[in-house]
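Asker: Whatever this is, show me its structure:
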Amino acid sequence: MAPEVVEAFSEEASIYDKRCDLWSLGVILYILLSGYPPFVGHCGTDCGWDRGEACPACQNMLFESIQEGKYEFPEKDWAHISFGAKDLISKLLVRDAKKRLSAAEVLKHPWVQGCAPDNTLPTPIILQRNSSAKELTCFAAEAIAVNRQLMQNEEEADAAECRPIIIQATSCSMQLSPPSESKLAKRRQKASLGKGEAGRPLLAPPLVLATKPTVQERFAFLFNNEVLSDVHFLVGKGRAGAQRIPAHRFVLAVGSAVFDAMFNGGMATTSTEIELPDVEPSAFLALLKFLYSDEVQIGPETVMTTLYTAKKYAVPTLEAHCVEFLKKNLRADNAFMLLTQARLFDEPQLASLCLENIDKNTSDAINAEGFTDIDLDTLVAVLERDTLGIREVRLFNAVVRWSEAECHRQQLQVVPENKRKALGKALALIRFPLMTIEEFAAGPAQSGILTDREVVSLFLHFTVNPKPRVEFIDRPRCCLRGKEGSINRFQQVESRWGYSGTSDRIRALSEVLLPP
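Answerer: Numbers count the residues shown, from 1 in each chain. The predicted structure follows:
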C-alpha cells in the first residue's frame, strides 16, 4: 500500500492514481533484495501478528509507518547491495507521489539499464525470510472472497449487541479482524442512518416499493434515492462544491464492468464516499438514470459530457444513444466541433459523417465559430481531403484565421513567423497551385507566411510553361472538378493558341446523366 492508498482506506480521502504502483514497485524491489518488507508494525506484545493473526494495533502501526514513509537499509542485510539499487528504491518510496520517479524514469535509471555491479545475492537466506509467501498469498485470496461476502450482508443489530465476528481461513493460519472501530467504519455506519431519529436506520418503505408493479419501476424508484443506498459519489470539481449523489453498489456493478471491478474486484474500494472530480454531475446522473431505468436523458448541452462518462464507466448502450443523438443533430455550424469530439472519443462512424458534412458544406463549416477551436491534427485531417467543396483561396483565408487563434492559445505574438509555426505540417496541405495567379498574388504571396523561395517557385508555376515542380499539392479537389474528360474537336492540331506562355482550355460542368 502506498501512503495515499492507506489514506483512502482509513481516512476521508479516496483518490489516488497509478503513481501508487511506483511505490509498490519500490516495496517489491526492497523485498526481493532483502527478504523482508521496508515497513512493519509491531505493538510489542505477543499478539500473534507475526504468526498471521489479527491485531488492530499492529495494523495501525503498519499504516502509520507507511504514511510517514520511514524505512532503513540495515547494514547487516544491505552491505552487499549496490548503491544504485538503494538509490532507485529511495526514489520510489517517496511520500509525495508527485516526487516519485515515473515509469519512464525508472527504465532509464542506471541500475535498471544494467550498469549495476554484478554482486551475488544471498538467495537462500532471502528465500528463508520469505517462507510465508505462499501462506500470505493463500490468505489474501480467501480474505478477498470473505470480504466480498461480508459486503453483501447488512448488519441486523447495533454494534453493542453484536458478537465479534472472527472468520478462520480454511487453509491458512491467519484471521480477519473483528468489526472495525476505525473512522472509516464509523463513517459507513453514519452513512446508513437517515435524517430522522438518530440511530434508527433508514429502510426502504415496504408499502411504497410494493406499489411498484414491475422490477424496472422498483429500481427506477431507487434512482438518486437514499433508500437502501450503500455508496455516495461526490461529483464535480472541489470537495466543497461537489454534488453528493447516493447510489447502490449492486445496481451499478450489474450495469458497468468498471463499477463491478471498483466494488467487487481484487482492489475493491471499501470507502462509502467516492470522489469524481473529472465528471459533470448532470452527466453522472444521466448515467445512473440509464443504469437504473434504461431511460435516456441527454440534450445538446449534456450529450458530450454524458458520452465521456459512458465511455469512462464502460456502458456501451448509452454510448450508442449519445452517438445517435449527435448524428441526428449534425449541422454545418457544429460539424468541426463534433469532429474534434468524435476523434477524441474514438468514434470513427461519427467522424466520417462529420467529414462528409464538411465536404458538402465546406464554406459554412469553416465560417462557423467552432472551426478556429479545432486542434492541429483535426485541421490536417480536413486539409488532406480531396473532396472539400471550396475554392483554395477561401480555404487559405480560413486556415490563416485558425493560425491566429492558435497563436493566442499558445500565447504567441500574432506575426507571420508564428502563424507559420502554428500551422506546422498543415501549411504543406494547402493547394496553392489550384489558385489563379491573381488570387495568389493578392493573398498568400503578401501574407508573409510563405518564404521568398516558395513565393517565387509558385509564381513560376503560374507563368512558365512547362510548369516547374513545386512543393505544394496540385491535385484538384474532387468537389470542384467532378469527373473530367477531354474532347478533341479537330483531328489534328498544328499549333496552339495561348497567351503569356500558358495554354487555354475550356472547363464545362454538366449535370446531364449519360448512359453507361
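
Asker: any idea which element the spatially closest residue to residue 111 that is not a sequence neighbour lies in?
Answerer: In space, and not counting its chain neighbours, residue 111 is closest to residue 84: 3.6 Å by C-beta to C-beta, 6 or more residues apart in numbering. C-beta: built from backbone N, CA, C; applies to glycine. For residue 84, the element it lies in under DSSP states H and E is helix 83-92.

Asker: mind listing what's buried in that helix?
Answerer: 84, 85, 86, 88, 89, 91, 92 (16 or more other C-beta atoms under 10 Å).

Asker: Kindly spell out which helices and strands sit in contact with that helix.
Answerer: Applying 3 or more C-beta pairs under 8 Å, 6 or more residues apart in numbering; DSSP states H and E, we find helix 83-92 packed against helix 19-34.

Asker: which element follows the helix it packs on toward the C-terminus?
Answerer: helix 56-68.

Asker: Next, the angle from that next one to helix 19-34.
Answerer: 110 degrees (axes from the mean of the first three to the mean of the last three C-alpha atoms, to 10 degrees).

Asker: then helix 56-68 to CSV, C-alphas only?
Answerer: Coordinates of each C-alpha in helix 56-68 appear next as CSV, following Å, rounded to 0.1, in the frame of the first residue of the first chain:
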residue,chain,number,x,y,z
PRO,A,56,-5.6,-3.8,15.1
ALA,A,57,-2.7,-2.2,17.0
CYS,A,58,-0.1,-3.7,14.8
GLN,A,59,-2.1,-2.9,11.7
ASN,A,60,-2.5,0.7,12.7
MET,A,61,1.3,0.9,13.4
LEU,A,62,2.0,-0.5,10.0
PHE,A,63,-0.3,2.1,8.4
GLU,A,64,1.4,4.9,10.3
SER,A,65,4.8,3.6,9.2
ILE,A,66,3.7,3.7,5.6
GLN,A,67,2.2,7.1,5.9
GLU,A,68,5.4,8.5,7.5
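
Asker: Mind giving me the packing neighbours of that helix?
Answerer: Taking 3+ C-beta pairs under 8 Å, 6+ apart as the contact cut, helix 56-68 packs with helix 3-10.

Asker: And the contacts of the following helix or strand past the helix holding residue 84?
Answerer: With elements assigned by DSSP H and E, the helix or strand that comes after helix 83-92 is helix 103-108. Residues outside helix 103-108 that contact it (C-beta atoms under 8 Å, 6 or more residues apart in numbering): 22, 25, 88, 92, 112, 113.

Asker: Do me a favour and average the pLDDT over helix 103-108.
Answerer: Mean per-residue pLDDT for helix 103-108: 88.

Asker: and if you look at stretch 320-334?
Answerer: Mean predicted confidence for stretch 320-334 is 92.

Asker: Touching it from outside, list them.
Answerer: Here stretch 320-334 has contacts from 290, 296, 298, 300, 303, 306-307, 310, 338, 341-342, 347, 349-350, 353-354, 357-358, 361, 364-365, 368-370, using C-beta under 8 Å, 6+ apart.

Asker: one step back: save the contacts of helix 103-108 as CSV, and put in pLDDT and distance to residue 460 too.
Answerer: Shown next, in CSV, are the contacts of helix 103-108 (pLDDT from 0 to 100; distance: C-beta to C-beta, whole Å):
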residue, pLDDT, distance to residue 460
22, 87, 59
25, 89, 61
88, 90, 61
92, 89, 62
112, 85, 56
113, 83, 54
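
Asker: Surely residue 91 and residue 101 touch.
Answerer: Yes: between residue 91 and residue 101 a contact is recorded at 4.8 Å, counting by C-beta atoms under 8 Å.

Asker: Could you tell me which residues touch both of the two?
Answerer: Joint contacts of residue 91 and residue 101 (C-beta under 8 Å, 6+ apart) are residue 109.

Asker: returning to what we had before: just checking, which of the contacts of stretch 320-334 belong to helices?
Answerer: 290, 303, 306-307, 310, 338, 341-342, 349-350, 353-354, 357-358, 364-365 (DSSP state H).

Asker: Drop anything exposed from the residues you listed.
Answerer: 290, 303, 306-307, 310, 338, 341-342, 350, 353-354, 357-358, 365.

Asker: and the residues you listed as a markdown table, adding distance to residue 259 and pLDDT?
Answerer: Formatted as a markdown table, these follow (distance: C-beta to C-beta, whole Å; pLDDT from 0 to 100):
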| residue | distance to residue 259 | pLDDT |
| --- | --- | --- |
| 290 | 13 | 96 |
| 303 | 22 | 91 |
| 306 | 16 | 94 |
| 307 | 18 | 93 |
| 310 | 12 | 94 |
| 338 | 28 | 91 |
| 341 | 24 | 88 |
| 342 | 26 | 89 |
| 350 | 26 | 90 |
| 353 | 31 | 92 |
| 354 | 31 | 94 |
| 357 | 36 | 93 |
| 358 | 37 | 94 |
| 365 | 39 | 94 |
